[in-house]
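Asker: after the sequence you'll find the predicted model.
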Amino acid sequence: MNNFRIEKDIIGDKEVPINAYYGVQTLRGKENFTISYQTLHKAMIDGLAIVKKACAITNYNAGLLEGDKKDAIVQACEEILKGNFYDQFISDPIQGGAGTTANMNANEVIANRATEILGGKLGSYEFVHPNDHVNMGQSTNDVYPTAGKLGALMLLANLIEQIEKLKKSMENKAEEFKSVLKMGRTQLQDAVPITLGQEFKSYASVLNRDINRIKNASNNIKYINMGASAIGTGINVDTDYFKNIVPEIAKLSNLDLKQSLDLIDGTSNQDSIAELSSAIKVLAINVSKISNDLRLMSSGPKTLIGDINLPPRQNGSSIMPGKVNPVIPEVVNQIAFRVIGNDMTISMAAEGGQLQLNAFEPVMFYSLYQSIEMMTRGLKTLRINCVDGITANTLKLKDDVDKSIGIVTALVPHIGYTKATEIAKESLRTGKSIRSLVEEKNLLPKSSIDEILDTNAMTKPGIAAEYLIRK
């Protein structure tokens with residue numbers, strides 16, 4: 001039995017597996033682009049299926065596509081959206097041709113399935129043709145970036161949800177630790193008192209900015225260039241189709257999509273993808289900085305800072321018994337490094353486009369999807385396996401504050417910077433506390449010292465000024 005069928009294209013005849021829903025153009029692309037050893041992302045496949053379904057409906061409503069062909073194409077797309085035929089999307093996500101292989105992969109799978117629904121044989125395209133019917137009124141150059149943006153928007157919903165959950169966890173810790181006093185540090189040196197709660201509240205605040213930043217950037221990728229056809233001029237595009245295709249995609253995807261204001265611009269420039277990637281990169285930077293803080297604050301724990309305890313997740317060494325490493329913040333750091341690298345790739349790809357088309361969209365979407373998904377998973381493990389289980393070494397923190405020279409800063413408005421510096425130096429040299437030295441030298445009345453060196457009051461503004469006014 002022959003396990004192959006013969007299909008033809010501009011290059012010539014080629015054997016295609018007899019039961020394959022993809023066709024000759026997909027297979028050539030597969031052979032040309034074995035790059036990442038991966039296939040098209042499910043978000044990209046779903047984006048393509050939504051676009052093709054919308055195009056079939058819009059072309060039918062414009063009187064361009066027969067009802068039976070429309071129905072068969074729509075059914076094929078709906079089956080894909082249910083998770084069927086993913087294994088038939090064999091294209092490598094990194095490919096030449098600005099996504100033509102991916103677009104033809106979708107066209108061929110949908111055409112073959114639609115032909116099968118109408119009673120035809122795979123590879124015959126006797127009822128539904130990949131180019132003439134599934135790709136009617138379209139070009140890879142408007143289909144592929146549109147599908148890619150749809151995929152990104154679908155993935156972003158999970159990322160934003162995880163940022164919001166991590167923000168909430170940080171707010172919970174801020175409340176839990178609101179009365180836990182500790183020494184703040186600048187340049188890794190003792191500074192002035194702060195509460196552990198204030199520290200965690202600052203993490204929630206920066207995450208809130210990240211949420212807003214990513215939402216704002218995502219609004220710009222809601223502009224899609226469907227109707228642009230090859231270069232933005234709308235060649236071979238029916239006017240009714242042109243007016244209605246974007247609203248139809250918006251309806252099917254349940255996304256607030258808009259047609260690009262300038263379709264030539266929308267086809268040739270991908271700055272909106274670069275902007276979104278940049279926003280995700282900033283999130284990665286912020287979360288990596290938080291992870292650095294958590295590693296530092298938990299360091300030791302006996303011989304270094306040891307402010308907090310991270311929940312133990314696994315053995316930290318194959319040779320050192322009892323050692324537990326901050327593995328969750330460490331993996332988040334590594335995710336951040338990768339996301340920052342992906343952003344550089346996207347930046348160079350956006351810059352590298354020429355004239356009316358950016359040929360490098362495949363690597364842009366590949367990198368963007370990876371950044372979104374890695375950050376989504378990284379934030380989830382940071383929250384569940386680290387932040388939610390953090391505890392404070394309360395007694396140790398209090399002791400640090402009591403013996404620190406950082407509290408000398410509160411004396412500056414009362415005894416001056418120079419005298420305060422002398423007290424700090426003597427405290428370091430002798431080991432005596434700041435309080436005892438001020439009392440010993442009779443620099444201030446005891447009642448004033450108690451008020452000025454109230455370490456809890458040091459975590460709020462205005463205390464020194466209020467004392468001076470009363471004085």
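Answerer: Nice, thanks for sending it over.

Asker: check which residues of the helix or strand encompassing R28 are buried.
Answerer: Using DSSP states H and E, R28 sits in helix 24-32. Neighbour counts over helix 24-32 (16 or more other CB atoms under 10 Å) mark 24-30 as buried. Yep, even glycine has a C-beta here, placed from its N, CA and C like the rest.

Asker: mean confidence for that helix?
Answerer: Averaging pLDDT along helix 24-32 gives 94.

Asker: helices or strands up against the helix or strand hosting V331?
Answerer: According to DSSP H and E, V331 maps onto helix 327-351. Contacts defined by 3 or more CB pairs under 8 Å, 6 or more residues apart in numbering; DSSP states H and E place helix 327-351 against helix 271-297, helix 361-385.

Asker: for the record, mean pLDDT for whichever strand or helix holds K167?
Answerer: Assigned by DSSP H and E, K167 belongs to helix 140-176. Averaging pLDDT along helix 140-176 yields 98.

Asker: tell me the angle it makes with helix 271-297.
Answerer: On the basis of axes from the mean of the first three to the mean of the last three CA atoms, to 10 degrees, helix 140-176 is oriented at 30 degrees to helix 271-297.

Asker: now the angle from helix 140-176 to helix 361-385?
Answerer: Using the same axes, to 10 degrees: helix 140-176 against helix 361-385 is 20 degrees.

Asker: what are the buried residues along helix 140-176?
Answerer: By 16+ other CB under 10 Å, the buried positions in helix 140-176 come out as 140-156, 158-160, 162-163, 165-167, 169-171, 173-174.

Asker: ok, so of the buried residues of helix 24-32, who is nearest A217?
Answerer: G29 (30.8 Å; CB to CB).

Asker: the closest one - nearest residue in space that isn't next to it in sequence?
Answerer: T101 (3.0 Å; CB to CB, 6 or more residues apart in numbering).

Asker: next one, pLDDT for the one you found please.
Answerer: So T101 comes in at 96 (pLDDT).

Asker: so who does the residue positioned nearest the centre of the chain touch?
Answerer: The centroid of the chain falls nearest to I372 when counting by CA atoms, centre = their mean (3.4 Å). When the contact criterion is CB atoms under 8 Å, 6 or more residues apart in numbering, the partners of I372 are 152, 155-156, 158-159, 280.

Asker: one more: M364?
Answerer: Counted by CB under 8 Å, 6+ apart, M364 has contacts 148, 270, 273, 277, 345-346, 349-350, 358.

Asker: what does D71 give?
Answerer: By CB under 8 Å, 6+ apart, the contact set of D71 is empty.

Asker: tell me the helix or strand right after the helix or strand that it is a member of.
Answerer: Using DSSP H and E, the element containing D71 is helix 67-81. With elements assigned by DSSP H and E, the helix or strand that comes after helix 67-81 is helix 100-117.

Asker: how far is that following helix from where the chain is centred?
Answerer: The chain centre lies 31 Å from the centre of helix 100-117; the measure is CA atoms, centre = their mean, to the nearest Å.

Asker: in that helix, which residues are buried?
Answerer: So, applying 16+ other CB under 10 Å, buried residues of helix 100-117: 100-117.

Asker: repeat for stretch 292-311
Answerer: Buried residues in stretch 292-311 (16+ other CB under 10 Å): 293-298, 301, 305-308, 310.

Asker: looking at these, which gets the smallest pLDDT?
Answerer: Least confident entry in the buried residues of stretch 292-311, by pLDDT: P301, with 77.

Asker: now for the spatially closest residue to that one that is not a sequence neighbour: which residues touch it?
Answerer: Distance criterion CB to CB, 6+ apart; nearest residue to P301, sequence neighbours excluded, is N309 at 6.8 Å. When contacts are counted by CB under 8 Å, 6+ apart, N309 touches 298, 301, 390-393.

Asker: cool, thanks, signing off.
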